[in-house]
Every structure is written in structure tokens, then in C-alpha cells.
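> sharing a sequence plus its predicted fold:
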Protein chains: 2
Amino acid sequence: MGAEPPVIVLVRPQLGQNIGKAARAMLNFGVTEMRLVRPRDGWPNPDAGPAASGADVVLQRAQVFDTVQEAVADCSMVYATTVRRRDLVMPVLTPEQVAENATAAGQRTAILFGAERSGLETEEVALANAIVTVPINPDFASLNLAQAVILLAYEWSKRSELAVPPARELELPAPHAEIEGMIAQLDEALVEKGYFHPPSRMQATRNTIRTIFTKTGWSSREVKAVRGIFRALMGPPRRR
Amino acid sequence: MGAEPPVIVLVRPQLGQNIGKAARAMLNFGVTEMRLVRPRDGWPNPDAGPAASGADVVLQRAQVFDTVQEAVADCSMVYATTVRRRDLVMPVLTPEQVAENATAAGQRTAILFGAERSGLETEEVALANAIVTVPINPDFASLNLAQAVILLAYEWSKRSELAVPPARELELPAPHAEIEGMIAQLDEALVEKGYFHPPSRMQATRNTIRTIFTKTGWSSREVKAVRGIFRALMGPPRRR
């Protein structure tokens, strides 16, 4: 059983557009529960829908609260996204560590995001169990709200059941005998063409060729294609 | 010493605003090299600057190219961000795996991002060593360009803090331009030999050939050897 997705709590968000973008970011990674604490322009906000690009379900279900305390009342773990606060002695985790912790504990988790410009207030951060900080370029730290949300949601989904790793439809490398068959065909052709010269270098050159074509990892299908290419190169021009 | 940050290649980007947002996303994670292939509205684009929110240095240094081939000519590893392609047999990696690979090898890496709506064309994906796909909610896959860029840049920066493992004694893969040179030589020869038949299958066959020879990971020395082999196969028997 995977961990329940985190609750995303937007604290005093200013622009409806940013609320919509956060919803879109969340749903991309299967995170659907948004809570709003005193959104500046009230709720619902007509600017949110268009910015959500189809993630309306997240907006429709969003709940509004007066305080952060109420918004996280049912959550066992609360993380506050912010840079390190000199005024608070709290653990500081990366998004990856938050995802790891949550998966391990399997409890209801909330992640707080502050207002676009001002961020979270000290009292709000102090409510959290830990701070979460995205490790960022110290010379250019300019993550917007939706970007912070998407990184947290992305890390979460990597640990959850939703994150279906891309199916590897890779073909398996061909059995070694097929690679050898291809090399033998090539070797015969190269002997015919007088490629191995001088004779004293012949074994070294053969070893090089074997290494080059063995390391390719080609599948049976690809070996067949390459053998066809060799034949075509050797043959006379074909008229069609 | 960390791995060199990847080159972010935006292929036929449409809106200047999105180019600016991508620059902002990059710089947050210390990724500064942007390349543009045929931006729809030309370059520079007055809409890019305001959207970059201060990441102007990335835009100022952005280089423009006519083709993806030219844009990745000096890169040894090329990743194409896209969903899985039924028409191409290629490795599919997560952003995390791309970052792991690159850190290990310490080589120049390019990541291709397609146009906002249409994405990358098959021929462009075929140029890459592998596909990179963000594992995403299958019921709501709605990542925009800047979001895709930020996730790749973020994963990269997580690894760049780690110590780079000691250089392996293996030869590094050849720069992409050398692989392309080899493929061009082969293509010319195969056209001459009448290999591409019927003409309706020509592009698909070319994509297959490109994939087969790009995935080899051959070094410059090996590419040179294979080009010699192609020449020998095509030439008349030599008497010594």
C-alpha cells in the first residue's frame, strides 16, 4: 500500500491564477487534495479555473480554512516550505527526504506553502514538524508557487504507487551466437576485400572489431538489420 | 568537481514567454546553457525577458541553430523528452536516471524539448541516445515546457552536489557530430546501393539505422574504425 498523497495547503495565496497553476502541478502527480487558508481574493476565484488547464477537480474539492491550525488538524506530519529560518530551530529536509519519511510512516501529511511574496510567517512555520527547502542556486533563487508545488508533488509521486516507472520496452541483447555470426560474416567480407593488412596486425584488428560490435548491445532484430546493411554495402548497386 | 550541467535544447519553441520561463527554471538549478532550434518567432524575442524574472544571463547566452543535429554536435549524450514512442525502439529513462548516468560519465549532455503543442518529431527523437519521460499521472498528463525543464534541471542539480566518481578508463562516447558523420556516410552508400526500398519506408528505415548506430556508445576511435570498415566493404577487392 502506498502512502496517501500529501495535502497541499496554500496559506494566504494572492492570485487565483497561481492557485490554478498549483492545482495543475498537483494533479500531474496524482496529488488532489488542496486546502486554502484565507485566500486574499476569496473563494471560488474565477481566475483559478483557466490556469488549472483541466485540473478542475482539484479546485472543486478545495476546502477553505481560517487558520493553518484548522487546515492541518487531521494531519500527523506537517512540513513548511521555506528557506531556513534563523529564528526557529527545526529540522530542515529536502523534498526527497519528505517523500521518504512519509512513505515510511504512512500517515496523513500536509505541506504548507506561503503567500507568493511574503511566504509563511514565523508562527505558521513553527506549527510544522519540519521545514522543507528545495536545494536551489543560491545566486538565483526564484521558484514560484506552482514550481515549488510541482517539485514536492513530483518527489512524492516517485515514491508512491502512482509513479509507474516507464515501462522498458527495450529489446534484449541478442544471444552471443548471433553477434558472432554477424562478426564472422563481416570478417569473411573484410578478408575478401583485403582489409587486413599487414598480416602481422590481423589478430589485433580482429580483436578490435569484435569489441566494437560486441559492445553495441544490439538485439536480434538489430543484428539482422546490420547484416542486411553489410550485404547491401558489398553488393552491386540495385536497380529497382 | 561536479558533472557539467546539461545543455537545454528547445526545439521549435513557439512562445517567447515559455522560453523565458524555461530560462528561469534552469537558472534556479544552476543550468545556464540554452540552445534554440528554429524558434517560431525568431530570436531575440521581446516576450522572453520579462518571463525570465531575472534569468537574463541564460537568454543572452542562448545560441540559435537551424537543426537539432547542429545544436547537439558537441554533445556525447542526447536525451529526448517525450512519451514513449511506438515507432522507435529506444531506452526510456526517468529524469533521475538521466542525472545518474550523466554524473557517472562526466560528459557533455543535451536534453531536447519539443515545441509546446506538437513535441518532438520522430526524426528528432531518433537522434537521441535515449528517451526521458517524467513518470506522470496517466489520467492527467499536462506538464508545460517550463515544468518539464524544471524537473530535469532539479534532478540534475541534486546529483551535481555529489562527488563525481573517479574517471573510468573506458573511452568516452564520441561527440554526436561524429556519429552523425558516420550515419551520413552509411546513408549515402545505402542510397547508392538501392537499399531503401520501397521509398515509402525510407524514413522509417533511416530512423531505425540512426537508432542502431547511435545507441552503440562508440568512441571517436571506434567510429573511425567503423567508417573504415564501411569503406572497405564498398570498395573493390584489394590485391596486396
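Cool, got the structure. Numbers count the residues shown, from 1 in each chain, chains lettered A, B, ... in the order given.

> which of the helices and strands in chain A ranks last by mean pLDDT?
Every helix and strand of chain A was ranked by mean pLDDT, DSSP states H and E. The lowest is helix A:95-105, at a mean of 78.

> right, and the helix or strand after that helix?
Following helix A:95-105 in sequence order, the next helix or strand is strand A:109-113 (DSSP states H and E).

> between helix A:95-105 and that next one, find me the angle.
160 degrees (axes from the mean of the first three to the mean of the last three Cα atoms, to 10 degrees).

> tell me which strands strand A:109-113 pairs with, and in which orientation.
Here strand A:109-113 has these sheet partners by DSSP bridges: strand A:7-11 (parallel), strand A:77-81 (parallel).

> worst mean pLDDT among these?
When the strands paired with strand A:109-113 are compared on mean pLDDT, strand A:77-81 scores lowest, with a mean of 90.

> using CSV, write down the CA coordinates of stretch A:174-192.
Extracted in CSV, the C-alpha atoms of stretch A:174-192 (Å, rounded to 0.1, in the frame of the first residue of the first chain):
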residue,chain,number,x,y,z
ALA,A,174,20.9,-10.8,-29.0
PRO,A,175,22.3,-14.1,-27.9
HIS,A,176,26.1,-14.1,-28.3
ALA,A,177,26.0,-16.6,-31.1
GLU,A,178,24.1,-14.1,-33.3
ILE,A,179,26.7,-11.4,-32.6
GLU,A,180,29.4,-14.0,-33.5
GLY,A,181,27.5,-14.8,-36.7
MET,A,182,27.5,-11.1,-37.7
ILE,A,183,31.2,-10.8,-36.9
ALA,A,184,32.0,-13.9,-38.9
GLN,A,185,30.1,-12.5,-41.9
LEU,A,186,31.9,-9.2,-41.6
ASP,A,187,35.3,-10.9,-41.2
GLU,A,188,34.8,-13.0,-44.3
ALA,A,189,33.9,-9.9,-46.3
LEU,A,190,36.8,-8.0,-45.0
VAL,A,191,39.2,-10.8,-45.9
GLU,A,192,37.8,-10.8,-49.4
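
> what comes up buried for stretch A:117-131?
Residues of stretch A:117-131 classed as buried: A:119-120, A:124-125, A:127-131 (neighbour count, 16 or more other Cβ atoms under 10 Å in any protein chain shown). To be clear about C-beta, it is placed using only N, CA and C from the backbone, and glycine gets the same treatment.

> what is the end-to-end distance of that stretch?
One end of stretch A:117-131 to the other measures 18 Å (Cα to Cα, to the nearest Å).

> check whether it comes near chain B.
No - counting by Cβ under 8 Å from any Cβ of the partner chain, chain B has no neighbours in stretch A:117-131; the shortest distance is 12.9 Å.

> outside of that stretch, which residues touch it?
A:11-12, A:14, A:68-69, A:72, A:77-82, A:84-85, A:87-88, A:90-93, A:98, A:112-114 (Cβ atoms under 8 Å, 6 or more residues apart in numbering or on different chains).

> swap the cut-off to 7 Å and go again
With Cβ atoms under 7 Å, 6 or more residues apart in numbering or on different chains as the contact definition, stretch A:117-131 has outside contacts at A:11, A:68-69, A:72, A:77-80, A:82, A:84-85, A:87-88, A:90-93, A:112, A:114.

> where does pLDDT dip in chain A?
Across chain A, the ranges flagged by pLDDT under 70 are A:1-3, A:84-86, A:103-107, A:161-170, A:238-240.

> show me where it has strands.
A:7-11, A:34-37, A:63-65, A:77-81, A:92-93, A:109-113, A:130-132 (DSSP state E).

> care to break chain A down by domain?
Here the domain parsing of chain A from automatic domain parsing is A:7-163, A:176-234.

> so which of those domains is the most packed in?
domain A:7-163 (a mean of 19; mean count of other Cβ atoms under 10 Å in any protein chain shown).

> at the geometric centre of chain A, which residue sits there?
Note on chain A: the residue nearest the mean C-alpha position is residue A:154, at 5.8 Å, using Cα atoms, centre = their mean.

> for the closest residue to residue A:87 other than its chain neighbours, give its distance to chain B.
In this structure, residue A:87 finds its nearest non-sequential neighbour in residue A:122, 5.7 Å apart by Cβ to Cβ, 6 or more residues apart in numbering or on different chains. For residue A:122, the distance to chain B equals 25 Å [Cβ to the nearest Cβ, to the nearest Å].

> and for residue A:237, the neighbour number?
10 (other Cβ atoms under 10 Å in any protein chain shown).

> so who does it touch?
B:192-194.

> and the residues you listed as JSON lines, adding distance to chain A?
Converted to JSON lines, those look like this (distance: Cβ to the nearest Cβ, whole Å):
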{"residue": "B:192", "distance to chain A": "6"}
{"residue": "B:193", "distance to chain A": "5"}
{"residue": "B:194", "distance to chain A": "4"}
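
> and the residues you listed, which is closest to residue A:230?
residue B:193 (11.1 Å; Cβ to Cβ).

> which residue, other than its chain neighbours, is closest to the closest one?
residue A:232 (4.8 Å).

> next up, the contacts around that neighbour.
B:190, B:193, B:195.

> what about these, which are in helices?
Within these, residues falling in helices by DSSP state H are residue B:190.

> tell me which of the contacts of residue A:232 is nearest to residue A:210?
For the contacts of residue A:232, the nearest to residue A:210 is residue B:190 (24.1 Å; Cβ to Cβ).

> mind listing what that closest one touches?
Residue B:190 neighbours (Cβ under 7 Å, 6+ apart): A:229, A:232, B:196.

> try it again at 10 Å.
Contact analysis of residue B:190 by Cβ atoms under 10 Å, 6 or more residues apart in numbering or on different chains lists A:228-229, A:232-233, B:196, B:202, B:205-206, B:209, B:230.

> isn't residue A:210 up against residue A:180?
Yes - here residue A:210 lies in contact with residue A:180, judged by Cβ atoms under 10 Å, at a distance of 8.7 Å.
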